[in-house]
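3D, please:
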Amino acid sequence: MKYSYLFTLSLLFVMIAWPVSAGQMTLDKAFEKAQAGNPTIGAMVQRINQSKSRITQARANYYPQLSLGASMTRNQYSDNDIAAGFATNSSQEYYDGSLSAKWILFSGFSTKYNVQAARLGHDLAKAGKADVIRNLLFSVAASFHTAQLALANQFIASSDKSFYEKQLADARIKKKAGKGSQSDVLNLNTRMNQARIEMEKFSAQFDVARAALAALLGEDARGLLPEPVFPKLETKDEMEPPKATAMVAYALDNRPDLLGLKLTRQIANANIETAKARFFPEISLNGSMGANRTGSGRFEGDDMENSVGLLLSYPLFSGGADKAALQESRYASSEAQMELKNLENTVVSQIRQDCFTVAGAQKQLRLYRENGTLVKQNRDMVDIEYQYGKTSLVTLNEVQNNLTQTQQKIALSLISLRQAWYELKSSSGSLGQEIDD
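As a prediction, this is how the structure comes out:
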């Protein structure tokens with residue numbers, strides 16, 4: 001019981017009371033920085049702005065189209081034209097000015113459905129941004145947790161080094177007193193150096209993960225790299241069983257890529273109606289006002305003229321192009337429907353798999369926690385026996401190695417559980433909607 005208490009106390013000290021300095025970063029903070037600084041999200045914002053402009057373009061057909069024209073022509077006549085009476089002067093200037101308007105009154109409701117498609121395209125762009133954020137945050141969590149695992153393993157290797165440093169110091173004292181052997185000193189020195197090698201290895205892994213994280217946060221990796229905090233103990237919520245049914249229901253209604261395919265299908269349906277408009281007549285009101293004058297650009301009242309007309313245009317034959325366009329739109333709608341169904345099946349499967357992964361990680365962590373207490377207790381007992389000469393150094397090395405490996409497995413299980421939860425949040429579409437560290 002004493003050893004179990006000491007082991008738990010040491011874990012609490014490291015994983016709960018570990019101080020968070022001003023330069024260290026929590027996962028929530030990493031999410032905030034990624035959403036504020038990642039260029040991909042900035043690109044998606046510009047895509048949304050483009051979609052807004054398309055709405056304005058589509059609605060422009062509801063209004064009259066005005067155009068202003070002007071021309072000046074100078075004709076140089078030949079002597080033959082003058083002799084034949086076709087011209088009175090060798091050169092003549094002609095001036096024209098006009099203001100024309102065209103207002104489409106009916107075009108088979110094509111403008112209505114073009115506007116509808118543009119608005120749906122705007123919603124599609126926003127869904128695309130939400131999906132980019134979902135995938136980005138998942139990548140941030142993966143890099144963050146990789147860095148935390150390296151940090152935890154670095155601490156475990158440091159603890160292993162400290163243990164062998166103490167054993168090496170005791171072995172040298174015993175050898176000096178004639179109660180120990182040189183082989184024990186060399187063995188313990190080798191073990192300590194190996195622990196140092198492990199520390200350097202995990203330190204390099206930590207820096208690699210930090211560099212990857214910096215890129216996701218939109219930071220320049222040539223500057224200061226982010227410093228993820230040391231991983232804390234698992235929370236009660238993290239050990240609760242995942243609710244697969246509720247997450248599936250949420251995903252089908254809210255996952256951004258599913259919403260995107262639903263919007264794509266609606267856009268395809270709007271395009272069907274737009275294609276149908278080609279089979280209807282177009283009715284437009286046309287008007288123009290202008291002036292023309294010979295020899296001078298100073299128009300007067302006698303130079304003015306105007307016209308107003310109501311035009312009807314009915315397509316009779318287009319070589320099959322209109323019919324083919326309608327068929328293409330219908331095929332696009334069917335394609336979007338099939339893709340949506342396929343993605344829904346994939347999402348449901350992903351959520352179920354992720355729920356099993358979370359449940360499995362929870363069980364593994366519980367078992368490793370229990371095993372860690374036993375291994376720590378056994379190591380401490382063998383340590384005492386070794387100090388009194390009742391067991392060999394080989395046995396001590398073996399139990400210490402078991403303890404180090406078990407602690408690494410505990411750290412790996414904890415990080416795997418945490419990442420499994422974020423995989424589940426990503427597959428359900430809740431990542432980016434609610435952020436839990």
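
what helix or strand is the closest residue to Val115 other than its chain neighbours on?
With sequence-adjacent residues excluded and distances taken as C-beta to C-beta, 6 or more residues apart in numbering, Val115 is closest to Ala58, at 4.5 Å. Just so you know, the C-beta spots here come from the backbone N, C-alpha and C atoms, and that holds for glycine as well. Secondary structure assignment for Ala58, by DSSP states H and E: helix 39-59.

What's the local residue count around the residue nearest to Val115?
Burial of Ala58 is recorded as 20 neighbouring residues (other C-beta atoms under 10 Å).

returning to that earlier point: list the contacts of the helix holding Ala58.
With C-beta atoms under 8 Å, 6 or more residues apart in numbering as the test, helix 39-59 has contacts from 35, 111, 114-115, 117-119, 121-122, 124-126, 128-129, 132-133, 136, 218.

try stretch 404-415
145-146, 148-149, 152-153, 156-157, 159-160, 231, 233-234, 361, 364-365, 368-369, 371-372, 375.

Could you do stretch 159-178 as well?
With C-beta under 8 Å, 6+ apart as the criterion, stretch 159-178 contacts 180-182, 184-185, 188-189, 191-192, 195-196, 198-199, 387, 396, 400, 404, 407.

For ChimeraX, write the selection for the buried entries among those residues.
Remark: buried members of the contacts of stretch 159-178, expressed as a ChimeraX selection using 16 or more other C-beta atoms under 10 Å:
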select :180,184,185,188,189,191,192,195,198,199,396,400,404,407
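
Please flag which of the contacts of stretch 159-178 sit within helices.
182, 184-185, 188-189, 191-192, 195-196, 198-199, 387, 396, 400, 404, 407 (DSSP state H).

What residues are bridge-paired with Gln24?
Glu227 (DSSP bridges).

What's the local residue count around it?
When neighbours are counted by other C-beta under 10 Å, Gln24 registers 14.

How much space separates it from Phe299?
With the distance defined as C-beta to C-beta, to the nearest Å, Gln24 ends up 77 Å from Phe299.

Repeat that for Thr111.
If you go by C-beta to C-beta, the gap between Thr111 and Phe299 works out to 36 Å.

Sheet-wise, list the partners of the lengthiest strand in the chain with their directions.
The longest strand of the chain (DSSP state E) is strand 91-106. With DSSP bridges as the test, strand 91-106 is paired with strand 65-76 (antiparallel), strand 282-294 (antiparallel).

okay if I get the ones you listed as a markdown table plus distance to Ala270, mean neighbour count and mean pLDDT?
Converted to a markdown table, the strands paired with strand 91-106 look like this (distance: least, C-beta to C-beta, whole Å; neighbours: other C-beta atoms under 10 Å; pLDDT from 0 to 100):
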| stretch | distance to Ala270 | mean neighbour count | mean pLDDT |
| --- | --- | --- | --- |
| strand 65-76 | 23 | 10 | 87 |
| strand 282-294 | 19 | 15 | 87 |
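
Reformat those strands as a markdown table; add distance to Gln205.
Output for those, formatted as a markdown table (distance: least, C-beta to C-beta, whole Å):
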| stretch | distance to Gln205 |
| --- | --- |
| strand 65-76 | 64 |
| strand 282-294 | 67 |
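
can I get the CA coordinates of stretch 258-278 in PDB?
The C-alpha trace of stretch 258-278 is given here as PDB (Å, rounded to 0.1, in the frame of the first residue of the first chain):
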ATOM      1  CA  LEU A 258     -22.200  16.000 -45.300                       C
ATOM      2  CA  LEU A 259     -23.800  19.400 -45.300                       C
ATOM      3  CA  GLY A 260     -21.600  20.300 -48.300                       C
ATOM      4  CA  LEU A 261     -22.900  17.300 -50.300                       C
ATOM      5  CA  LYS A 262     -26.500  18.100 -49.400                       C
ATOM      6  CA  LEU A 263     -25.900  21.600 -50.600                       C
ATOM      7  CA  THR A 264     -24.200  20.300 -53.800                       C
ATOM      8  CA  ARG A 265     -27.300  18.200 -54.500                       C
ATOM      9  CA  GLN A 266     -29.600  21.200 -53.900                       C
ATOM     10  CA  ILE A 267     -27.400  23.300 -56.300                       C
ATOM     11  CA  ALA A 268     -27.700  20.500 -58.900                       C
ATOM     12  CA  ASN A 269     -31.500  20.600 -58.500                       C
ATOM     13  CA  ALA A 270     -31.500  24.400 -59.000                       C
ATOM     14  CA  ASN A 271     -29.400  23.900 -62.100                       C
ATOM     15  CA  ILE A 272     -32.100  21.500 -63.400                       C
ATOM     16  CA  GLU A 273     -34.700  24.200 -63.200                       C
ATOM     17  CA  THR A 274     -32.300  26.700 -64.800                       C
ATOM     18  CA  ALA A 275     -31.800  24.200 -67.700                       C
ATOM     19  CA  LYS A 276     -35.500  23.900 -68.100                       C
ATOM     20  CA  ALA A 277     -35.800  27.600 -68.600                       C
ATOM     21  CA  ARG A 278     -34.100  27.200 -72.000                       C
END
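
how far is it from where the chain is centred?
Distance of stretch 258-278 from the chain centroid (C-alpha atoms, centre = their mean, to the nearest Å) equals 25 Å.

go on, stretch 380-397?
With C-alpha atoms, centre = their mean, you get 53 Å for stretch 380-397.

Straight-line length of that stretch, end to end?
Stretch 380-397 has an end-to-end distance of 12 Å (C-alpha to C-alpha, to the nearest Å).

Buried residues of that stretch, list them for me.
380, 382-383, 386, 391, 393, 396-397.

just to revisit the earlier point, Thr111 and Phe299: which is more packed in?
Legend: neighbour count by other C-beta under 10 Å for Thr111 and Phe299, higher for Thr111 (18 against 15).

got the contact list for that one?
So Thr111 contacts 58-59, 61-62, 104 (C-beta under 8 Å, 6+ apart).

what does Leu99 give?
Counting by C-beta under 8 Å, 6+ apart, Leu99 touches 66-69, 288-290.

sorry, back to before: least confident of the ones in helices among the contacts of stretch 159-178?
Among these, Gln387 carries the lowest pLDDT, at 87.
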